[in-house]
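A.B. asks: Just need the structure, nothing else, for what follows:
(2 chains)
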Amino acid sequence: MNNKEFIERVSQKTNFETEDVKNLTASMIEAMLESVADGDVVAIQGFGTFEPREKARRKIYNPTTKDFIIVPKKTTLSFKMSPTLKERINMND
Amino acid sequence: MAESLSLKAGVSKKVAESFSKAFFDTIVDALYMGEEVIKVKGLGTFKLIEVESRESVNVTNGERIVIPGYKKISFTPDDTVVEQLNKKEEKQENKVISEEEIVETPVPAIQEDNKNVDTSVSAISYDDDNAESSVPAISEEEENVEAVTPIVPQAENVQEEVEPIEDLVSVPEPDAVETPADELSGIDMLISTPESLEEVRAQFEDAKAKAEAAIEEARKANAEKVRLEKLLSRLEANSVPESMGSESQQEEREGDSEVVTNIAENSIDTDNQSESPEVDDSHSTEEGSTANNAVAVLPGEKKEESIEETKASDESSEEKAPKKKSSTGWIIALLIALLLGTVVFFMYKTSKSIDEVEKVDAVEQASKQPKIEEPKPAPKVEQKDSVSNAANSKENAAKADSVKTDPASKDKKTEQKKEEAPAVPKTHTIRKGESLTRISQKYYGTKDSVNAIIRLNRFSDPNNVPVGARIMLP
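C.D. replies: The predicted structure follows:
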């Protein structure tokens, strides 16, 4: 399911216009990322937590050129399911 | 969360809350409904991944357990999200990075320390170079060579003088140059070589001056030789039988095989053959010697140049130099030889074996022919003489080496005896053409132990260890 489909579904659920849903998602994500960028953990009830994770710099080996390249450290956004979501997903099997 | 959203979007709290709920519910529902991938623009992708059931062992009991399979949601953030995060955290990272740099800087400092150690080592070897540089030893050798051979007529003196100079020039340089190639101890060599090179070059110029003088003399001799050859060729063209006799005389010297086949070829190529041998006979005593000198000088010069340019090893350079000169001559000779061979083939249609033998002779004779055909024969003289003199020069070189190595070894043995005094499990006497790297390669399988050898033996000049010297092996 791509972004378009997803927004349509959200609009169906909330009875908002798709345009509004678009704007709202965008602003919501922006707000989330801002708080994440500050190093905060964004927890959403019943869904999970978003938090920034630092990936340490590391050496990678290029087997063709036989070079060791140092990849600088970077931060990524990590997501962890909340236990309730886990239960819900695994319940009906 | 909802508050921030309401602030951002300018919506009431209730709306924001319900929207965010709806937003994440849709994701969960979609995943629950069996949707595998959900892409949300600006956030990332949520994927439903099934983890299959697997067996494991209870750590405490050692019993086997089956961990049931389950589903999980994997999330990979958008590239834009990662960029945004890294941008915003750059400020924070900068501080961290500065700390890292502080931590990292000691490492290069240690490397620099190592370099310093290396340079100090090189400085020692450098001093040693100055102390008993190989050049004075060489000059002594030169004198020795000259002193040994005063009895011999002047012509030979010149020849022997020239060749030792070649050797002197060729021997020290390649050693100095070889070792860096072998990575003996890169920095040491780089620093030590330039000085030795300069010293060697100073000798070079002396040798060149002598060599050039000798060359000029030789060229004069060649010019005279050419004139005489022309005269003789005309005379001999008329008188065939005389040429036959003269040929047989000289060719007997050259080899039995030639004599057998020459008779056949003489009848065909009487003109060509007859001229050259007689010329050689007539001038062999006086001019021949000078010509020899000239040839000997020429390879010498070329050797020097080749050494300067290629900086090849001793043996290769000695062998290459004559080959280079002769190569151009040989090409001409081969062409003529082919022509002769074809002519002979059509004329007589003899067996192949004879043709081949004749070709061999033709090659040798062809080297003589160009002299007659071309009036100014610098390369021709070289051809013939280089073939014959290559052997002579090598012998002389060998003599010169033997003469040369003696004083050098004496000089350095006295010093080395003190150093080698302590008893060592293994020793190795250096033969000609051996390098320390080769020795280490031989005994230890790596070039790395060269430094160990050098350290153990405390060579005055590790680049130029005399032949016959005994070295200790770690």
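
A.B. asks: Spit out the contact partners of the residue in chain A that chain B sits nearest to.
C.D. replies: Nearest to chain B, among the residues of chain A, is A:F79, at 3.4 Å (Cβ to the nearest Cβ). (C-beta placed from N, C-alpha, C; glycine too.) Remark: with contacts taken as Cβ atoms under 8 Å, 6 or more residues apart in numbering or on different chains, A:F79 is in contact with A:G48, A:T49, A:F50, B:G44, B:F46, B:I73, B:F75.

A.B. asks: Leaving aside the residues adjacent along the chain, what's closest to it?
C.D. replies: The shortest distance from A:F79 to any residue that is not its chain neighbour, by Cβ to Cβ, 6 or more residues apart in numbering or on different chains, is 3.4 Å, and that residue is B:F75.

A.B. asks: could you point out which element follows the helix or strand containing A:L33?
C.D. replies: Assessed by DSSP states H and E, A:L33 sits inside helix A:18-37. The helix or strand immediately downstream of helix A:18-37 is strand A:42-44, counting by DSSP H and E.

A.B. asks: right, is that following strand up against chain B?
C.D. replies: Yes: using Cβ under 8 Å from any Cβ of the partner chain, strand A:42-44 reaches chain B at A:V42, A:I44.

A.B. asks: Which positions within the helix or strand where B:M472 lies qualify as buried?
C.D. replies: Element membership of B:M472 [criterion: DSSP H and E] is strand B:470-473. Neighbour counts using 16 or more other Cβ atoms under 10 Å in any protein chain shown place B:I471, B:M472, B:L473 of strand B:470-473 among the buried residues.

A.B. asks: that older thread, next up, the contacts around the residue nearest to A:F79.
C.D. replies: Here B:F75 is in contact with A:L77, A:S78, A:F79, B:G44, B:T45, B:F46, B:K47 (Cβ under 8 Å, 6+ apart).

A.B. asks: Just the ones in strands from those residues, please.
C.D. replies: A:L77, A:S78, A:F79, B:G44, B:T45, B:F46, B:K47 (DSSP state E).

A.B. asks: Looking at those residues, state which has the most neighbours.
C.D. replies: In terms of neighbours by other Cβ atoms under 10 Å in any protein chain shown, these top out with B:F46 at 25 neighbours.

A.B. asks: Is that one in contact with B:D78, as I believe?
C.D. replies: No: with contacts counted by Cβ atoms under 8 Å, B:F46 stays clear of B:D78, the gap being 11.6 Å.

A.B. asks: Residue in chain B with the shortest distance to chain A?
C.D. replies: Scanning chain B for proximity to chain A using Cβ to the nearest Cβ identifies B:F75 as nearest, at 3.4 Å.

A.B. asks: Now that residue: phi and psi?
C.D. replies: Main-chain dihedrals, B:F75, degrees, to the nearest 10: phi -130, psi 120.

A.B. asks: now the contacts of A:F79 as TSV including distance to A:I29 and pLDDT?
C.D. replies: As requested, the contacts of A:F79 are arranged in TSV below (distance: Cβ to Cβ, whole Å; pLDDT from 0 to 100):
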residue	distance to A:I29	pLDDT
A:G48	15	86
A:T49	15	87
A:F50	10	87
B:G44	9	86
B:F46	13	86
B:I73	17	83
B:F75	13	87
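
A.B. asks: any chance of those in CSV, with distance to B:Q441 too?
C.D. replies: What follows is the contacts of A:F79, written out as CSV (distance: Cβ to Cβ, whole Å):
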residue, distance to B:Q441
A:G48, 63
A:T49, 62
A:F50, 61
B:G44, 58
B:F46, 61
B:I73, 61
B:F75, 58
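
A.B. asks: hmm, back to that, I'd like the buried residues of strand B:470-473 written out as a markdown table, with distance to chain A added.
C.D. replies: A markdown table is the format used below for the buried residues of strand B:470-473 (distance: Cβ to the nearest Cβ, whole Å):
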| residue | distance to chain A |
| --- | --- |
| B:I471 | 37 |
| B:M472 | 38 |
| B:L473 | 34 |
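
A.B. asks: Could I get the residues you listed in CSV, plus columns for pLDDT?
C.D. replies: Formatted as CSV, the entries for the buried residues of strand B:470-473 read as follows, by pLDDT from 0 to 100:
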residue, pLDDT
B:I471, 77
B:M472, 76
B:L473, 75
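
A.B. asks: Share the number of residues neighbouring residue 66, please.
C.D. replies: All of this refers to chain A. Residues within reach of A:K66, counting by other Cβ under 10 Å, total 7.

A.B. asks: Can you look at chain B instead?
C.D. replies: Residue neighbour count, defined by other Cβ under 10 Å, stands at 9 for B:V66.

A.B. asks: what's the answer for the one 3 residues further on, then?
C.D. replies: Counted with other Cβ under 10 Å, the burial measure for B:G69 works out to 12 neighbours.

A.B. asks: what do you get for B:S327?
C.D. replies: For B:S327, the number of neighbouring residues by other Cβ under 10 Å comes to 11.

A.B. asks: Give me the three-state assignment for it.
C.D. replies: helix (DSSP: H, G, I helix; E, B strand; the rest coil).

A.B. asks: Okay, it and B:F459: tell me how far apart.
C.D. replies: Shown here: B:S327 relative to B:F459, a distance of 38 Å by Cβ to Cβ, to the nearest Å.

A.B. asks: circling back: so in terms of bridging, what pairs with the residue of chain A closest to chain B?
C.D. replies: A:F50 (DSSP bridges).

A.B. asks: One more: A:T75?
C.D. replies: Beta-bridge partners, per DSSP bridges, of A:T75: A:E54.

A.B. asks: how much space between it and A:F47?
C.D. replies: 21 Å.

A.B. asks: need the contact list for the closest residue to A:A56 other than its chain neighbours.
C.D. replies: Nearest non-adjacent residue to A:A56, counting by Cβ to Cβ, 6+ apart: A:K73, 5.2 Å away. By Cβ under 8 Å, 6+ apart, the contact list for A:K73 reads A:E54, A:K55, A:A56, A:R57, B:E93.

A.B. asks: Just give me the least confident of those residues.
C.D. replies: Scanning the contacts of A:K73 for pLDDT, the smallest score is found at B:E93, 52.

A.B. asks: okay, now the domains of chain B?
C.D. replies: Annotated domains of chain B cover B:2-87, B:135-400 [automatic domain parsing].

A.B. asks: Check those domains for me: which has the lowest mean pLDDT.
C.D. replies: Sorting those by mean pLDDT places domain B:135-400 lowest, at a mean of 51.

A.B. asks: how's chain A carved up into domains?
C.D. replies: Here the domain parsing of chain A from automatic domain parsing is A:1-40, A:47-93.

A.B. asks: Distance across the first one, terminal residue to terminal residue?
C.D. replies: Start and end residues of domain A:1-40 are separated by 29 Å (Cα to Cα, to the nearest Å).

A.B. asks: go on, stretch A:53-64?
C.D. replies: In terms of Cα to Cα, the two terminal residues of stretch A:53-64 are separated by 31 Å.

A.B. asks: List the contacts of it.
C.D. replies: Applying Cβ under 8 Å, 6+ apart, the set of residues contacting stretch A:53-64 from outside is A:D67, A:F68, A:I69, A:I70, A:V71, A:P72, A:K73, A:K74, A:T75, A:T76, A:L77, A:S78.

A.B. asks: Show me what the third one bridges to in the sheet.
C.D. replies: A:I69 forms beta bridges with A:I60, as assigned by DSSP bridges.
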